[in-house]
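*Asks:* With the sequence up front, the predicted model follows.
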Amino acid sequence: MKTNVAPSLVTFLDNRKQGVSFDLWTILLQSQTQVQWTDADAPLTTLGPPARVFTPGPIITRDRVRWTRGIEVAQLQVDLHGPLVLVDGQRLPVFATKGGFDSAAVQLERIYLNDSNVVQGSIVWFMGAVSDVDPTDMGAELTVKSQLTQLNQQVPRSLYQPGCLNNLYDSNCGVSKAARTVSGAISTVVDPTTFTNTVSGGYTSGYFSLGVLRFTSGANAGIQRTVLQHSGATLSFPRAFPFAVAASDTFTLVPGCDKSQATCDGTFGNKARFRGMPYVPVPETVT
């Protein structure tokens, strides 16, 4: 049952009067920037309060929304087409490539107008978060999953396993990400997935393996990748960055963790918070 529906819309729908309807999209990005788009060819304003203005943006197509009784994790496929549309000052395909839509909150509403183009009200149709982004030459394809995905929690939370149950830098781990973040620049581009860098500090090989590099300048500014291997001044990555990397491009870099007790103690000095069971026998062990 839908609630918080304007009385004028209830009357309009009950009487089945002739009119038109359009989609309203509210997307809250991780940067806390909020975009409000409509598939209409002119801006539309909701009744409120507060009244909200939705402007024409990219061409947006989606699959159908399905409502069911009971608990079911629904998802919505949304295609954005608009190579010249700007999001946070960047063209839509570039913004999507740089991860701008990652984990964004999405709300789909349906707004109804009578045959005189007077707004009668709107209904929330779907709410969720972006779980997958596939950038295209014309825009991006988004997979949005409903908020019920938050119920997909593993029970029991703790398992007997050699690796640590914490995630690096979370509250249970306690290691400060800011304190471990260093800055540097690209010295030499060996190939699309391998670079030498100017990070100073005498870090031993492997320190930044499984860590994250995020460019702060150059064509890839704002894009990050997981470090596959760190050896001396060389960093290698599992796949190439979307744009060409140039010498002198700057970045920030944080170390990673393989969740072993040796790394927790030797690299981070955090053995007191280690939540793995390194002495659990492997499944093949026969007693």
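*Replies:* All right, it came through fine.
*Asks:* next one: stretch 184-195 to chain centre, how far?
*Replies:* 26 Å (CA atoms, centre = their mean, to the nearest Å).
*Asks:* That one: which residues count as buried?
*Replies:* 184, 185, 186, 193, 194, 195 (16 or more other CB atoms under 10 Å). The way it works is simple: take the backbone N, C-alpha and C, and place the C-beta from them, glycine included.
*Asks:* Over to stretch 199-216?
*Replies:* Buried, per 16+ other CB under 10 Å, within stretch 199-216: 199, 203, 207, 208, 209, 210, 211, 212, 213, 214, 215.
*Asks:* where exactly do the helices run in the stretch 101-250 of the chain?
*Replies:* Using DSSP state H, counting those that start in this stretch, the helices of the stretch 101-250 of the chain run over 177-180.
*Asks:* Below-threshold pLDDT in it: ranges please.
*Replies:* When residues are selected by pLDDT under 70, none of them lie in the stretch 101-250 of the chain.
*Asks:* residue ranges for the strands of it, please.
*Replies:* Ranges of strands within the stretch 101-250 of the chain are 105-114, 119-135, 139-146, 182-191, 194-197, 212-215, 224-226, 229-231, 234-236, 250-254, based on DSSP state E, counting those that start in this stretch.
*Asks:* Between the buried residues of stretch 199-216, which sits nearest residue 161?
*Replies:* Nearest to residue 161 among these: residue 210, at 17.6 Å, using CB to CB.
*Asks:* residues contacting that closest one?
*Replies:* 226, 227, 255, 256, 257, 258 (CB atoms under 8 Å, 6 or more residues apart in numbering).
*Asks:* The third one and residue 176, how far apart?
*Replies:* So that's residue 255. Counting by CB to CB, to the nearest Å, the gap from residue 255 to residue 176 is 12 Å.
*Asks:* Neighbour count for these two, which is higher?
*Replies:* Neighbour count, other CB atoms under 10 Å: between residue 255 and residue 176, residue 255 has more, with 24 against 10.
*Asks:* mind listing what that one touches?
*Replies:* Applying CB under 8 Å, 6+ apart, the residues near residue 255 are 180, 207, 208, 209, 210, 211, 267.
*Asks:* 6 Å instead?
*Replies:* Residues in contact with residue 255 (CB atoms under 6 Å, 6 or more residues apart in numbering) are 180, 207, 208, 211.
*Asks:* How about residue 147?
*Replies:* 127, 128.
*Asks:* Distance-wise, check it relative to residue 124.
*Replies:* 12 Å.
*Asks:* Residue 240 is in contact with residue 192, correct?
*Replies:* Yes. Using CB atoms under 6 Å, residue 192 makes contact with residue 240 at a distance of 3.8 Å.
*Asks:* Quick one: residues contacting the residue lying closest to residue 137 once chain neighbours are set aside.
*Replies:* Distances taken as CB to CB, 6 or more residues apart in numbering place residue 93 nearest to residue 137, at 6.3 Å, with adjacent residues excluded. Residues in contact with residue 93 (CB under 6 Å, 6+ apart) are 83, 135, 139.
*Asks:* go on, residue 215?
*Replies:* Going by CB under 6 Å, 6+ apart, residue 215 touches 221, 223, 249, 251.
*Asks:* Mind listing the residues bridging to it?
*Replies:* residue 251 (DSSP bridges).
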